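Trainee: Build me a structure from this.
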Amino acid sequence: MLNKIICGDCMELFKTIPDESINLVITSPPHFQQRDYGGGIGSEDRLTDYIEKLLDVMRECIRVLHPAGSIVFNLGDKYDEASLLLVPYRFAIQVTKRTELKLVNNITWVKRNPTPRQFKRRLVSATEPFFHFVKTEHYFYDMDAFMHSETDQRPTQIAGEKLGQKYYRLIDESKLTSSYRHLQHLSTSDECTAIP
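Mentor: Residues are numbered from 1 along each chain as shown. Presented below is the predicted three-dimensional model:
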């Protein structure tokens, strides 16, 4: 199975995967009634049926997962009669109730460019949860690699410093009197402090 891309119906393909042979499963099944999928998961009439189908998929994920492995499951939510159904959380609760999996993280994916919508009475949905499930307490977790990647992504110059310098320069170049410019410097010194 190493370094292979296999396309097809997941429930059929699962049959070809040996027990406890996969280290990491990342999946984002079709969301409930979000579009016409032409049948299959996401096209169910009732939310309970949708969650049952997802649990069938999850049981196969559990079967193929190595004891030190992880499952990362992403789901979007759904509105019904102007109310959120909380689909991802209903699913996660059923997983923890009906399987041996442990939920160790609920990671929030913040979409930088969510699909634009013109809602007048609510905000655009710009986040989705990623649930990190494990089989045992002895799962693999490389915190050092995570912390290293976070450190590497920090900017070399803090944006607040640039912003503060530009603001002060604009004050100094303005047509304000010198005493008023001095007051502006004093009143903004705390606001433009960079936070490491």
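Trainee: hey, let's count contacts and neighbours off CA atoms from now on
Mentor: Fine.
Trainee: which residues sit in contact with residue 16?
Mentor: Residue 16 sits next to no residue when contact means C-alpha atoms under 8 Å, 6 or more residues apart in numbering.
Trainee: cool, and the one 10 residues further on?
Mentor: Residue 26 makes contact with 71-74 under the criterion C-alpha under 8 Å, 6+ apart.
Trainee: Assign it to helix, strand or coil.
Mentor: Per DSSP: H, G, I helix; E, B strand; the rest coil, the local secondary structure of residue 26 is strand.
Trainee: if I look at it, how far off is residue 106?
Mentor: Counting by C-alpha to C-alpha, to the nearest Å, the separation of residue 26 from residue 106 is 14 Å.
Trainee: quick one: the helices in this protein?
Mentor: 10-13, 47-64, 87-98, 143-152, 159-173, 178-188 (DSSP state H).
Trainee: can you put these in CSV and add distance to residue 114?
Mentor: Below are the helices of the chain laid out as CSV (distance: least, C-alpha to C-alpha, whole Å):
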stretch, distance to residue 114
helix 10-13, 28
helix 47-64, 24
helix 87-98, 18
helix 143-152, 24
helix 159-173, 24
helix 178-188, 34
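Trainee: Which stretch among those helices is buried most, on average?
Mentor: Highest mean neighbour count among the helices of the chain (mean count of other C-alpha atoms under 10 Å): helix 47-64, with a mean of 17.
Trainee: For residue 89, give me its contacts.
Mentor: Contacts of residue 89 by C-alpha under 8 Å, 6+ apart: none found.
Trainee: picking up where we left off before, out of the helices of the chain, which comes closest to residue 22?
Mentor: helix 47-64 (5.8 Å; C-alpha to C-alpha).
Trainee: Packing partners of the closest one?
Mentor: On a contact count with 3 or more C-alpha pairs under 8 Å, 6 or more residues apart in numbering; DSSP states H and E, helix 47-64 meets helix 10-13, helix 87-98.
Trainee: Adding distance to residue 136, write those helices out as a markdown table.
Mentor: Formatted as a markdown table, these follow (distance: least, C-alpha to C-alpha, whole Å):
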| stretch | distance to residue 136 |
| --- | --- |
| helix 10-13 | 24 |
| helix 87-98 | 13 |
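Trainee: least reliable of those helices going by mean pLDDT?
Mentor: Lowest mean pLDDT of the helices and strands packed on helix 47-64: helix 10-13, a mean of 90.
Trainee: Only C-alpha atoms, please: export that one in PDB.
Mentor: Extracted C-alpha coordinates of helix 10-13, given in PDB (Å, rounded to 0.1, in the frame of the first residue of the first chain):
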ATOM      1  CA  CYS A  10     -14.000   3.700   0.000                       C
ATOM      2  CA  MET A  11     -16.200   0.900   1.500                       C
ATOM      3  CA  GLU A  12     -15.000  -1.400  -1.400                       C
ATOM      4  CA  LEU A  13     -11.400  -0.300  -1.100                       C
END
